[in-house]
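J.: Here's my sequence, what's the structure:
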Amino acid sequence: MDRELSSSQIRKETLVKTLKFVAVGLGFILAILFFRDLLQSSVKRSQILTATAEIGDIEGAITASGVIVPEFEQIISSPIESKIEQVFFRSGETIPKDSSILKLNKEFTQNAMEQLMDELALKINRKEQLNLKIQRSLIDLNAQYDINKLQIQFLESKLDVQKHLNKIGVGILEELNQAILNLEIARRELEQLEKRIDNEKKSLDADLKELELEIQIQEKTIRNLDRQLELANIKSDNVGVITWVNDDIGATVHPGDIVARVADLSSFKVEGKISDIHASKMMIGNPVRVRIGDMNLNGLIAGIQPTIQNGVISFTVQLDDKTNRELRSNLRVDVFVITSYEKAVVRVKNGPFINGSGEQEIFVIHGKTATRRRVLIGASNFDWVEVKEGLQPGESVIISDMERNIHRESLLIKE
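T.: The predicted model follows:
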């Protein structure tokens, strides 16, 4: 007959079972950690990239992005308010020099031109009439002036007679005074006539100059409009390729609207962009390397935009070999702006193992072991990294990303 277990016995057996489960769980966890540590303490040689330190020159560079664009591109805009009537060349086609790209409707502008010509003819006619008026007016006034002078001479002679009569005692005093008064009136009339002639001449000259100025302005307006009509032929100044054209027949274009772009695809330049954190290092004349695939092209920074937009600096690169056959319009390229040049330094190929400059930890290989070592990184570019301290020429290092193992002192390299 079975006996009922006491409560203390039940608790004891339950505790023993619990401790067994805990022990098994801890053992399993420790086993996992042990094997993971064992696995992580080694790496396969096929899974890593290595490089050997050497003595050489290095160019410190900062990386930018760039786009190949034509060195010369003619941007053609509409000089008049018009509509597109016909397109002679499409995008991608080669256009000869002085050939029309498209045809704009000139009717409105030509009507305005004819109206201006009519207005100019009227103003020229008004000028001729004003010249005739000036001549007639001056002839009349000068004739009256000559008559007044003759009248004064007559009155002076008459006054002399009266003075002589009064001197010999046969003259009348009132007639003498009248002669003096008449002469004074005539002289003042002559003086007033002189002022009138001068004022009339100035007034007519001012009217003539105003009309001449209006004619000059009108002629200039006509010349500008004639120039606009000539530009409305939308021609290319040089032989080139149509990179874009507004081929929307019937579309309205306003003065200044771009209607076509013609590029000379025989020579190119690079338009680059770089973060503004490098603003202090960007200078006109800085040497540049432009990488297209495996090929490098040398150049110089020819211009830097004075304003920064959205944290980006825009600049232009002038290439030494701007006609290279690998250059293609709108091709995206890597641009390396050279900021320094070091000779005969310890260098190693660049890779993910490097994160900027300054002190860093890397793995140096000796036989089948990779040992962690602290080094000092200097200048770098896309290809090379300068190691200022902590590495000797001939030593081999892991240049793969070793972030997962950077806490380990050493690693076993398995074949």
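J.: When you work out contacts or count neighbours from here on, use the C-alpha atoms and nothing else.
T.: OK.
J.: Geometrically speaking, which residue is the centre of the protein?
T.: The centroid of the chain falls nearest to Q305 when counting by CA atoms, centre = their mean (6.7 Å).
J.: Backbone dihedrals for that residue, both of them.
T.: phi -60, psi 130 (degrees, to the nearest 10).
J.: helix/strand/coil for the nearest residue to M117 once chain neighbours are set aside?
T.: Once flanking residues are discounted, M117 sits nearest to I222: 7.4 Å by CA to CA, 6 or more residues apart in numbering. Here I222 is helix, with the state taken from DSSP: H, G, I helix; E, B strand; the rest coil.
J.: Show me where the stretch 51-200 of the chain has its strands.
T.: 54-77, 82-87, 94-95, 102-104 (DSSP state E, counting those that start in this stretch).
J.: give me every residue that touches the residue nearest to M117.
T.: I222 makes contacts with M113, L116, M117, as judged by CA atoms under 8 Å, 6 or more residues apart in numbering.
J.: G240 now?
T.: T94, I95, P96, K97, V262, A263, D264, L265.
J.: Now, the residues you listed that are in helices?
T.: Among these, DSSP state H puts none in helices.
J.: Out of these, which is nearest to L229?
T.: K97 (18.7 Å; CA to CA).
J.: which residues touch the residue nearest to the centre of the chain?
T.: Applying CA under 8 Å, 6+ apart, the residues contacting Q305 are I313, S314, F315.
J.: Now K149. Nearest residue, chain neighbours left out?
T.: Nearest residue to K149, sequence neighbours excluded (CA to CA, 6+ apart): L190, at 7.1 Å.
J.: Quick check: R188 vs L150, distance?
T.: 14 Å (CA to CA, to the nearest Å).
J.: And the pLDDT for L15?
T.: pLDDT for L15: 66.
J.: Also V22?
T.: 67.
J.: and if you look at D198?
T.: The model reports D198 with a pLDDT of 80.
J.: do you know how far it is from I147?
T.: 17 Å.
J.: next one: R126
T.: 31 Å.
J.: Strand 54-77 and the host helix or strand of T339, what's the angle between them?
T.: Secondary-structure assignment from DSSP states H and E places T339 in strand 332-349. On the basis of axes from the mean of the first three to the mean of the last three CA atoms, to 10 degrees, strand 332-349 is oriented at 170 degrees to strand 54-77.
J.: Helices of the stretch 151-300 of the chain, residue ranges please.
T.: Assigned by DSSP state H, counting those that start in this stretch, the helices in the stretch 151-300 of the chain fall at 173-231.
J.: show me the contacts for V337.
T.: Applying CA under 8 Å, 6+ apart, one finds that V337 lies in contact with A61, I62, T63, A64, N286, P287, V288, R289.
J.: following the strand holding T339, which helix or strand comes up?
T.: That would be, after strand 332-349 and using DSSP H and E, strand 358-366.
J.: who does that next one touch, helix- and strand-wise?
T.: strand 369-380, strand 396-398 (3 or more CA pairs under 8 Å, 6 or more residues apart in numbering; DSSP states H and E).
J.: Give me the buried entries from the contacts of G240.
T.: Among those, those buried by neighbour count (16 or more other CA atoms under 10 Å) are T94, I95, V262, A263, D264, L265.
J.: what about the closest residue to K83 other than its chain neighbours, how many residues close to it?
T.: With CA to CA, 6+ apart as the criterion, K83 has its nearest non-adjacent residue at 4.4 Å, and that residue is T252. Residues contacting T252 under the criterion other CA atoms under 10 Å number 14.
J.: With V335 instead?
T.: So V335, with other CA under 10 Å, has 29 neighbours.
J.: now swap in the one 3 residues further on and tell me
T.: In terms of burial, I338 registers 19 neighbours under the definition other CA under 10 Å.
J.: for it, what are its contacts?
T.: E59, G60, A61, I62, N286, P287, V288, R289.
J.: Can you add distance to R227 and neighbour count and give these back as TSV?
T.: Putting the contacts of I338 into TSV (distance: CA to CA, whole Å; neighbours: other CA atoms under 10 Å) gives the following:
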residue	distance to R227	neighbour count
E59	53	21
G60	53	20
A61	50	23
I62	48	21
N286	42	16
P287	43	20
V288	43	23
R289	44	20
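J.: S65 versus the nearest residue to V337 once chain neighbours are set aside, what's the distance?
T.: Excluding the flanking residues, the one nearest V337 by CA to CA, 6+ apart is V288, at 4.6 Å. From V288 across to S65, the span is 12 Å (CA to CA).
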